[in-house]
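Novice: I need the structure of the sequence given here:
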Amino acid sequence: MKHCDQCHVDVKSHRKYCPLCHQLLTGEVEDFIPEVYPKFFPLRRPLLPFTKKVLRVTTIVAIFLLMIINAINFDGKLWSIIPIGAILYFWVLVRYGLLTNQNVPFRIAFLTTILIVLLVIYDTNTIDYSQNTTSVSWALNYVTPLGLLVASVAISFIIWLKRINYRDYLFYLVTILVFSFVPLVLFFLDVIQVAWPSITTFSVAILILAIIVFFFPKHIKDEIKKRFHL
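Specialist: Okay, here's the model as predicted:
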């Protein structure tokens with residue numbers, strides 16, 4: 001075994017120089033010393049080909065079903081554009097989140113907020129709700145809570161596919177929690193009049209949180225316990 005006189009450490013390697021101080025090592029090398037390298041973990045968890053096919057087929061079938069149902073019950077409104085847009089927006093968020101390594105929840109929240117604000121402005125400027133007190137804003141009552149739900153599902157999907165540290169993991173969970181409460185707060189403030197989209201968003205987000213917390217990676221669990229002395 002070789003030895004570094006300056007660092008006072010033994011080095012199991014065929015190297016001529018110390019990996020710490022780069023001084024010449026002394027001693028004889030052993031006949032066989034396997035070079036040990038840390039295990040590499042890719043940033044993304046690979047999706048199985050079958051899973052990819054199921055996701056693609058499910059997305060395409062859902063879009064076609066929405067178009068067919070809208071065509072069969074057509075009353076002059078293309079309402080299927082909203083859920084189809086939500087499905088496509090979900091994949092945009094997932095794709096966008098997988099290609100970046102910083103501030104993913106913030107960026108998703110920013111994009112979702114911008115989309116909701118633009119749709120609310122469009123809805124307000126195209127429909128005069130003061131003339132019909134029985135109608136409600138589709139952008140506020142449906143797009144806002146369901147858009148936040150799509151963002152929560154996208155973040156949970158990114159958690160599943162992407163390897164993240166415990167700090168990012170906790171930040172992702174807090175973001176989903178905030179998204180779940182926003183529609184309820186708007187409903188209790190009477191900004192939103194239709195209850196079921198807000199209740200659905202809250203319920204699904206809480207279910208997502210429970211599943212993520214229960215199934216999150218063991219190395220993150222160990223890191224959280226170590227950091228918080230649990």
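
Novice: R15: helix or strand, and which one exactly?
Specialist: Assigned by DSSP states H and E, R15 falls within no helix or strand.

Novice: show me what contacts it?
Specialist: K2, L25 (Cβ atoms under 8 Å, 6 or more residues apart in numbering). From N, CA and C alone the C-beta is placed, and that goes for glycine too.

Novice: now L66
Specialist: Neighbours of L66 in contact, by Cβ under 8 Å, 6+ apart: S80, P83, I84.

Novice: For the helix or strand that contains L173, which residues meet the burial criterion?
Specialist: For L173, the element it lies in under DSSP H and E is helix 166-188. Neighbour-count burial for helix 166-188 flags 166, 168-169, 171-173, 175-176, 179-180, 182-184, 186-187 (criterion: 16 or more other Cβ atoms under 10 Å).

Novice: ok, of the contacts of L66, which one's closest to V153?
Specialist: Nearest to V153 out of the contacts of L66 is P83 (Cβ to Cβ; 13.3 Å).

Novice: Starting from F90, give me the distance back to the closest one.
Specialist: P83 sits 11 Å away from F90, going by Cβ to Cβ, to the nearest Å.

Novice: And for S152?
Specialist: Using Cβ to Cβ, we find S152 at a distance of 10 Å from F90.

Novice: neighbour count winner among these two?
Specialist: S152 (27 against 18; other Cβ atoms under 10 Å).

Novice: okay, now the domains of this protein?
Specialist: Residue ranges for each domain of the chain read 1-35, 80-128+136-228, as given by automatic domain parsing.

Novice: Just name the most buried of those.
Specialist: With neighbours taken as mean count of other Cβ atoms under 10 Å, those reach their highest mean count in domain 80-128+136-228, at a mean of 17.
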